[in-house]
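[1] Fold the following, please.
(4 chains)
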2 protein chains.
Amino acid sequence: MANRKQALDKSRHVTAGQGQPLRFRPLYSQVREALVSRLIDGSWPPGMLLPSEHQLAAELGVSQGTVRKALDAMAADNLLVRRQGRGTFVAEPEDGRMIFQFFRLVADDGHRGLPDSSVISIRRADPTPVELEMLQLSAGQAVWHIERTRELDGRTVIAERICLPADRFPGLDRIDPIPNNVYALYAQSFGLIIARAEERVKTMTASDADAALLDCREGVPLIEVSRTGYALDETPVEWRISRCLTDQFHYAVSLK
Amino acid sequence: MANRKQALDKSRHVTAGQGQPLRFRPLYSQVREALVSRLIDGSWPPGMLLPSEHQLAAELGVSQGTVRKALDAMAADNLLVRRQGRGTFVAEPEDGRMIFQFFRLVADDGHRGLPDSSVISIRRADPTPVELEMLQLSAGQAVWHIERTRELDGRTVIAERICLPADRFPGLDRIDPIPNNVYALYAQSFGLIIARAEERVKTMTASDADAALLDCREGVPLIEVSRTGYALDETPVEWRISRCLTDQFHYAVSLK
DNA sequence: AAGTGGTCTAGACCACGTG
DNA sequence: ACGTGGTCTAGACCACTTA
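    Down below sits the predicted model:
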């Protein structure tokens, strides 16, 4: 077994090449980068117990306090979960992380439930111009389309399409059933962790198709949530567009 | 001038009274509480330069590192602004804090602009049952209603009502003009800092009145954003409900 | 040059979970 | 009893701003 020990470059007095000021780069930030790369390359899969702070410090040739600062930052970004007395773990989609981190539809009485999903279809397709842009695809790259509905408290309130770059998800159409929590699937079957997402909310009115899926009248106003999901390396890897009934539910956001 | 020096209670081994476990309470958390109370009572107004970390540490009888941890946490919550080489300041609504912290309507092309506001009316009223609950008012407490529209890129896209407990905002109706940024007004004229907010997004259709204000047809779908604003002491002090046109704009959220 | 916050280190001790 | 992360301290040095 290869010894992984390797010190980081601590020469921090970078005297700017030319033009760019080339900002100072703290050690803990380099440590963080080194640790994130282990998440990216899959050597630290979701759920894994990390080495202790002291071990990591020795491995990387920095002090325990510096490792701590990097780990704390990653935990703040929900990439890790720290448990006093037990250790530091790679975050899992089941940690309640994706569950209520990314799912923002809440009953008007405040009750937060988990949705049940029903897949309607999975198809390979050529990307539309919009999809090409949202996922930053090159010409010729195919995409998967997952159409599904989701119900909350026994009522179908979401109809959505998930668009994925096909080459990142080989054989997706042979997976059956597609689980309710697709982010857990991305992680387990494709080694792909959704690190963050951006959502855009607009209104629209239900089409005939929407009305059939959501059991409502055509023309009823819906909120349309467009989400771009980014991998750890900041590339967009999911674009989904959800139409939601909001007569008994709302989209909840905390601002600080 | 009274010397403010006073050490915190460092007896941390709280041996639970009865029933409740009475959890361990870190020192930096007590420091934070002590500092926040200075924001609440107005002895540290927005924009003020705080004493240096060393001075605060001496005042409170803790180490500089512990003060730092409390200050960092407050800065993370946007209560303070830290500037290397200059000092730590109480956050101001103009710091770009409220501006894009709380205002989430963005042009579809990604351009973020500041809204221009036009006040339609300010009236004193008895709270509706909903308002009574949202602001946790007692019977008999009056409220202010501010009705206004806001425009972005020269187009009126928001119609909103702001509801405030009247006793917290004495003489609000004599202030003219009401500025565009009401959170700056709350802070400057009433010593009230909005620390955080919760928003709930639903759809609705434009009423006759909305249609007139927003220059659209009646029945057009709008997003309705209901926001509760909380003061530093966690009491709800503002409830506003905004109806927004989203044909050229969207409500943007980042999820991590 | 002086003062601030920012980084990094080292070590002591505490709270928590597990064996 | 042991190992983990969490807290607290103390001090050295660095980066940034202002004067």
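
[2] which stretches of the stretch 51-200 of chain A aren't confidently modelled?
    Low-confidence segments of the stretch 51-200 of chain A (pLDDT under 70): A:95-98.

[3] So which residues on it come close to chain B?
    Applying CB under 8 Å from any CB of the partner chain, one finds that the stretch 51-200 of chain A approaches chain B through A:77-78, A:101-102, A:104, A:106, A:195-200. (C-beta placed from N, C-alpha, C; glycine too.)

[4] Could you list which of those also contact DNA strand D?
    By CB under 7 Å from any atom of the strand, no member of these lies near DNA strand D.

[5] burial of A:Ile175, as a residue count?
    13 (other CB atoms under 10 Å in any protein chain shown).

[6] got it, and A:Leu137?
    Neighbour number of A:Leu137 under other CB under 10 Å is 18.

[7] Surely it is within a helix?
    No - A:Leu137 is assigned coil when assessed by DSSP: H, G, I helix; E, B strand; the rest coil, not a helix.

[8] Surely it and A:Thr128 touch.
    No - at 10.5 Å, A:Leu137 does not count as touching A:Thr128 under the criterion of CB atoms under 8 Å.

[9] if we can go back for a sec, which ones among the residues of the stretch 51-200 of chain A next to chain B are found in helices?
    Counting by DSSP state H, the part of those found in helices is A:101-102.

[10] Residue numbers of the stretch 1-150 of chain A in contact with DNA strand C?
    A:10, A:12, A:26-29, A:62-66, A:69, A:83-86.

[11] Just the buried ones from these?
    A:27-28, A:62, A:66, A:69 (16 or more other CB atoms under 10 Å in any protein chain shown).

[12] Could you export these as TSV, including distance to DNA strand D and secondary structure?
    Compiled in TSV, those are given as follows (distance: CB to the nearest atom of the strand, whole Å; DSSP: H, G, I helix; E, B strand; the rest coil):
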residue	distance to DNA strand D	secondary structure
A:Leu27	11	helix
A:Tyr28	13	helix
A:Val62	13	coil
A:Thr66	11	helix
A:Lys69	10	helix
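
[13] coming back round to it: of the residues of the stretch 51-200 of chain A next to chain B, which belong to strands?
    A:106, A:195-200 (DSSP state E).

[14] Now for those residues: which two are most distant?
    Spanning the widest gap among these are A:Val106 and A:Ala195, at 23.5 Å by CB to CB.

[15] Of the two, give the one with the bigger neighbour count.
    A:Ala195 (20 against 17).

[16] Can you give me every residue that contacts the most centrally placed residue in chain A?
    Geometric centre of chain A, nearest residue: A:Ile194, 2.3 Å, by CA atoms, centre = their mean. For A:Ile194, the contact set (CB atoms under 8 Å, 6 or more residues apart in numbering or on different chains) comprises A:98, A:102, A:183, A:186, A:229-231, A:237-238.

[17] Kindly recompute the last result at 6 Å.
    A:183, A:229 (CB atoms under 6 Å, 6 or more residues apart in numbering or on different chains).

[18] picking that back up, from the residues of the stretch 51-200 of chain A next to chain B, keep the buried residues only.
    Here, 16+ other CB under 10 Å leaves A:78, A:101-102, A:104, A:106, A:195-197, A:199-200 buried among these.
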